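# Make a model of this:
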Amino acid sequence: MAVDDELAGETMGPGSEVGHVPMGDGRTYWFATERAAQGGVAPQGELAYLRSKLASWAEPIPAMLAATDPDDVLAQRPL
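You can find the predicted model right below:
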């Protein structure tokens, strides 16, 4: 999903934040962070977890997550 070429931003909620930056050619760089217990995992997969957790957040976050291919997600959790 391409975010408007003029729109970059960061949205914060309790213990979480999401940022996005348009990169041109219909590509968007995005990240999401969350305070979580060390060693935690999302059994349903990281993207499915984020889609569920952030479904009610302001656009473009839900649409951006909906357009993301699960194979394109790089997740890093504390060890």
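# which residues of this structure fall in helices?
46-53, 61-66 (DSSP state H).
# can you tell me how far the most centrally placed residue in the chain sits from Glu59?
Geometric centre of the chain, nearest residue: Ala32, 4.4 Å, by C-alpha atoms, centre = their mean. From Ala32 over to Glu59 the distance is 15 Å, taken as C-beta to C-beta, to the nearest Å. (C-beta placed from N, C-alpha, C; glycine too.)
# go on, Gly45?
Taken as C-beta to C-beta, the span from Gly45 to Glu59 is 23 Å.
# now Gly13, which residues is it bridged with?
Ser16 (DSSP bridges).
# ok, now Glu34?
Beta-bridge partners of Glu34, as defined by DSSP bridges: Ser16.
# what's the pLDDT at it?
Per-residue pLDDT puts Glu34 at 89.
# wait, what's in contact with it?
Gly15, Ser16, Lys53 (C-beta atoms under 8 Å, 6 or more residues apart in numbering).
# out of the residues you listed, which one sits closest to Gly39?
Gly15 (16.9 Å; C-beta to C-beta).
# if we can go back for a sec, so the residue nearest to the centre of the chain sits against Tyr49, correct?
No: judged on C-beta atoms under 8 Å, Ala32 makes no contact with Tyr49 at a distance of 9.6 Å.
# before we move on, the earlier item: closest one to Gly24 among the helices of the chain?
helix 61-66 (15.6 Å).
# Which strands or helices does the closest one pack on?
Contacts defined by 3 or more C-beta pairs under 8 Å, 6 or more residues apart in numbering; DSSP states H and E place helix 61-66 against strand 16-24, helix 46-53.
# Mean neighbour count for those - can I get that in CSV?
Formatted as CSV, the helices and strands packed on helix 61-66 follow (neighbours: other C-beta atoms under 10 Å):
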stretch, mean neighbour count
strand 16-24, 16
helix 46-53, 17
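# can I get these in TSV with distance to Leu7 and mean pLDDT?
Shown next, in TSV, are the helices and strands packed on helix 61-66 (distance: least, C-beta to C-beta, whole Å; pLDDT from 0 to 100):
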stretch	distance to Leu7	mean pLDDT
strand 16-24	7	92
helix 46-53	19	94
